[in-house]
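Trainee: below are the sequence and a predicted model; questions follow.
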Amino acid sequence: MKFGMSLYPFARYPDAKSVLEVARVADDLGYETITIGEHVLVPRPQVATLPAAWYDPLTLGGFIAGATRRLRILFSVLVIPYYHPVRLAKAIATLDVLSAGRVTVGIGSGWLQKEFDFMGVPFEERGPRTDECLRAMIELWTAETPSFKGRWVQFDDVVFDPPCFTKPHPPIWIGGFGQAAMRRAVELGDGLYPATMGPMSRIVENMEKLRGLLKAAGRDPAGFAFSHGIDYGGTTESKYASQSTPMAGQLKHLAFGFDPGPILEHVAEAERAGTQAIMVRFPGRDHREVIQAMERFHRDIMSP
């Protein structure tokens with residue numbers, strides 16, 4: 001089992017020094033991954049259920065990768081419909097090269113309709129745009145002579161250079177847990193990442209279902225990554241919890257206290273089910289308290 005740490009929520013890191021302290025501690029303690037989420041503009045009424053502070057994920061990912069030795073950057077997740085796929089493919093490939101292959105591309109189609117309005121992207125097109133963006137990026141990353149003709153993007157007779165460091169391209173993890181996410185994972189993904197949304201029985205059920213879909217599509221499930229997240233020390237954002245997602249009423253937040261027993265049991269259950277990585281969100285009012293929680297989790301969970 002590999003463990004990652006989530007920076008969320010970002011208000012705890014007001015400057016470069018605080019971000020780098022946390023990232024370097026994660027690197028030194030042996031956390032495999034640091035996860036970076038995305039929102040661009042939060043509607044003021046939504047701040048009751050969604051934090052206001054969000055760094056640009058690509059900029060933050062590059063900043064952290066340049067200051068660490070082995071820590072992977074997991075975008076958790078990029079809201080793909082907000083981007084032009086050619087520009088996004090170039091940014092991700094550049095980061096993959098400069099970090100020597102330490103990038104995992106978590107992607108999602110988004111859920112906050114008002115934010116789509118701000119970005120000028122029709123909310124009802126988010127699913128098809130996500131699929132087309134992914135297909136276009138994979139074409140740029142893998143084809144010797146990239147060519148693509150879609151509804152929103154077309155290119156032909158082009159050169160994409162430098163290519164990705166990771167071959168054939170950085171792993172693509174599909175965020176979510178619904179039917180669309182499962183279908184997208186089978187067609188275009190290398191992993192599934194439903195964040196902290198449980199219960200575990202639902203995650204296990206979805207993993208088994210996805211393995212069946214992968215086999216039916218001629219794909220080997222053994223080469224597919226399964227991961228999810230947990231909250232440690234209670235929830236990291238008590239007033240937000242899982243209220244910010246439309247399906248919150250159907251979900252159970254995977255939150256644990258500091259007692260290592262239930263967490264070790266959860267890790268063992270997840271490992272038996274075939275989960276390879278767990279991303280952890282830590283409590284703390286500032287980055288120093290986050291570091292203390294990271295050190296405690298390393299001592300009580302990772303070391304045993």
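Mentor: Perfect, I can see it now. Numbering: from 1, shown residues only.
Trainee: show me the helices in this structure, by range?
Mentor: For the chain, the helices defined by DSSP state H cover 16-29, 57-67, 85-98, 113-119, 126-142, 179-188, 200-216, 260-273, 287-297.
Trainee: turn these into a markdown table, columns for distance to G106, mean neighbour count and mean pLDDT.
Mentor: C-betas here are computed from N, CA, C, even on glycine. Below are the helices of the chain laid out as a markdown table (distance: least, CB to CB, whole Å; neighbours: other CB atoms under 10 Å; pLDDT from 0 to 100):
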| stretch | distance to G106 | mean neighbour count | mean pLDDT |
| --- | --- | --- | --- |
| helix 16-29 | 17 | 17 | 98 |
| helix 57-67 | 10 | 18 | 98 |
| helix 85-98 | 11 | 19 | 98 |
| helix 113-119 | 18 | 15 | 97 |
| helix 126-142 | 12 | 20 | 98 |
| helix 179-188 | 11 | 18 | 95 |
| helix 200-216 | 16 | 16 | 93 |
| helix 260-273 | 18 | 14 | 96 |
| helix 287-297 | 20 | 18 | 97 |
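Trainee: closest to E38 out of those helices?
Mentor: Closest to E38 of the helices of the chain, according to CB to CB: helix 57-67, at 4.7 Å.
Trainee: elements contacting the closest one?
Mentor: Judged by 3 or more CB pairs under 8 Å, 6 or more residues apart in numbering; DSSP states H and E, helix 57-67 is in contact with helix 16-29, strand 33-36, strand 72-79, helix 85-98.
Trainee: neighbours of the nearest residue to Q154 once chain neighbours are set aside, how many?
Mentor: Leaving aside its sequence neighbours, Q154 sits nearest to F148 (CB to CB, 6 or more residues apart in numbering; 6.4 Å). Using other CB atoms under 10 Å, the number of residues around F148 comes to 19.
Trainee: F148 and C133 touch, don't they?
Mentor: No. Under the criterion of CB atoms under 8 Å, F148 is not in contact with C133, lying 10.6 Å apart.
Trainee: wait, which of the helices and strands packed on helix 57-67 is closest to Q276?
Mentor: strand 33-36 (11.1 Å).
Trainee: quick one: mean pLDDT for that closest one?
Mentor: Averaged over strand 33-36, pLDDT sits at 98.
Trainee: direction included, what does that strand pair against?
Mentor: Sheet pairing of strand 33-36 (DSSP bridges) gives strand 2-6 (parallel), strand 72-79 (parallel).
Trainee: that older thread, kindly state the beta-bridge partners for the residue nearest to Q154.
Mentor: In beta-bridge terms (that is, DSSP bridges), F148 pairs with F155.
Trainee: residues contacting it?
Mentor: R135, A136, E139, L140, Q154, F155, D156 (CB atoms under 8 Å, 6 or more residues apart in numbering).
Trainee: so what's the most centrally placed residue in the chain closest to, chain neighbours aside?
Mentor: The residue lying closest to the centre of the chain (CA atoms, centre = their mean) is S76, at 2.0 Å. Spatial nearest neighbour of S76, chain neighbours left out: T35 (3.9 Å); criterion: CB to CB, 6+ apart.
Trainee: same deal with A185?
Mentor: Nearest residue to A185 in three dimensions, chain neighbours excluded: I174, at 4.1 Å (CB to CB, 6+ apart).
Trainee: any idea how far G229 is from that neighbour?
Mentor: As defined by CB to CB, to the nearest Å, I174 lies at a distance of 14 Å from G229.
Trainee: between the two, which is the more surrounded one?
Mentor: I174 (29 against 24).
Trainee: tell me if I'm right that the more buried one and G191 touch.
Mentor: Yes. The criterion here is CB under 8 Å, and I174 meets it with G191 at 7.1 Å.
Trainee: mutual contacts of those two, please.
Mentor: With CB under 8 Å, 6+ apart as the test, I174 and G191 both reach A185.
Trainee: what's the burial count for G223?
Mentor: Neighbour tally, G223, other CB under 10 Å: 9.
Trainee: give me the contacts around stretch 77-90.
Mentor: Outside stretch 77-90, the residues that touch it by CB under 8 Å, 6+ apart are 37-40, 57, 105-110, 115-116, 119, 121, 125-126, 129-130, 132-134, 136-137, 140-141, 153, 155, 160, 173, 175, 193.
Trainee: start to end distance for stretch 169-184?
Mentor: 17 Å (CA to CA, to the nearest Å).
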